[in-house]
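**Q** Just to be clear, the model below is a prediction. Sequence and coordinates:
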Amino acid sequence: MSAKQEHDNQTDGSEVPRKVWISASLSLVLLVIWSLVPLLLPDLDTFVWNSISLIGVALTIVAIGIAFLIFRKQDRDSAQAQTQTNGKLDKISDQMRKFTDRAAQTPLSSIEERYQEDEESHGEEDDEHVIESAKGSTRVVDGKKGTVLQQEDVPLYVIGDLATAWRDMPDQSGRWTVSNLVDAWRADGQGNNPWYVTFESTNGDQRVWRLYRGGKSKRTPTARDVTPDMMAQ
């Protein structure tokens, strides 16, 4: 945030109290004037009742004005906070896109190549069907258009297949729970395209697993942590 924006924010923050004090001061001046006028008027009762009515109206107007100023201040603060939040989310989304893009550029192993040549399985666990019905967003990775699913939208069978493959991977350590899952991306199309599943540990370390499901051949799913290869690029 620039110095000018900070100055503007400070100005906006002090604007409401200043206007409130001005309104209160004017109200006090009016009350003093109305308290002195009866000394100069013979019909005191009529003046008192008229004064009470006018003071009530004046106080109502002041209260409405103060409420309006507070509402405008809150509305500006809310809009500013939303803009900052959207900016942070866009930055995170761009970082994740670049992260997945690097993972997709990692060369396939010989086992992964055989899985890539397979056809997608069909039925209730059809990846393409699930992606079409999910509330995912489009992300272009390594020149391929695909769909990214956030943690709550990632199919359970994808997580289950990853867990099955993870047990067969050598030298795996640490706890990568579902709460650590960030998102999962898969290229569009009917082929046995892999899932790129991203996790983030509590200390901020990100890991990407490339998961190939069994496909039409019903083979055991296979997965590989491509993060080390990404770091070497």
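**A** Looks like it came in fine. Predicted model, so just to flag it, every value in this text is computed and none were measured.

**Q** I'd like to know how far Ala184 sits from Asp168.
**A** Using CB to CB, to the nearest Å, Ala184 is found at 20 Å from Asp168. All C-beta spots, glycine's among them, are computed from the backbone N, C-alpha and C.

**Q** Those two: who's more crowded?
**A** Neighbours per residue, other CB atoms under 10 Å: of Ala184 and Asp168, the larger number sits with Ala184, 27 against 11.

**Q** quick one: the more buried one is in a helix?
**A** No: under DSSP: H, G, I helix; E, B strand; the rest coil, Ala184 sits outside any helix and is assigned strand.

**Q** And it, how far from Thr220?
**A** From Ala184 across to Thr220, the span is 19 Å (CB to CB).

**Q** swap in Asp183?
**A** Asp183 sits 24 Å away from Thr220, going by CB to CB.

**Q** With neighbour numbers in mind, choose between those two.
**A** Asp183 (22 against 10).

**Q** Quick one: the helices in this protein, in order.
**A** Secondary structure of the chain (DSSP state H): helices at 3-36, 44-104, 110-116, 127-133, 156-168, 227-232.

**Q** Quick check: buried residues in the fifth one?
**A** Going back to what we said before, that points to helix 156-168. Across helix 156-168, burial judged by 16 or more other CB atoms under 10 Å covers 158-159, 161-162, 164-165.

**Q** Report how many residues lie close to Glu152.
**A** Number of residues near Glu152 (other CB under 10 Å) recorded here: 8.

**Q** Give me the pLDDT for it.
**A** pLDDT recorded at Glu152 is 85.

**Q** do Ser53 as well
**A** Ser53 is given a pLDDT of 76.

**Q** separation between it and Leu26?
**A** 18 Å.

**Q** Could you do Arg219 as well?
**A** Distance of Arg219 to Leu26, given as CB to CB: 82 Å.

**Q** Which one's more surrounded, those two?
**A** Arg219 (15 against 12).

**Q** What backbone torsions are found at that one?
**A** The phi/psi pair for Arg219 (degrees, to the nearest 10) reads phi -80, psi 170.

**Q** Please parse this protein into its domains.
**A** Split into domains by automatic domain parsing, the chain comes to 3-101, 109-232.

**Q** Where among those is average confidence lowest?
**A** domain 3-101 (a mean of 68).

**Q** Next, the distance between the ends of stretch 141-157.
**A** In stretch 141-157, first residue to last residue: 23 Å (CA to CA, to the nearest Å).

**Q** just stretch 180-199 next, same as before
**A** Using CA to CA, the end-to-end distance of stretch 180-199 comes out at 5 Å.
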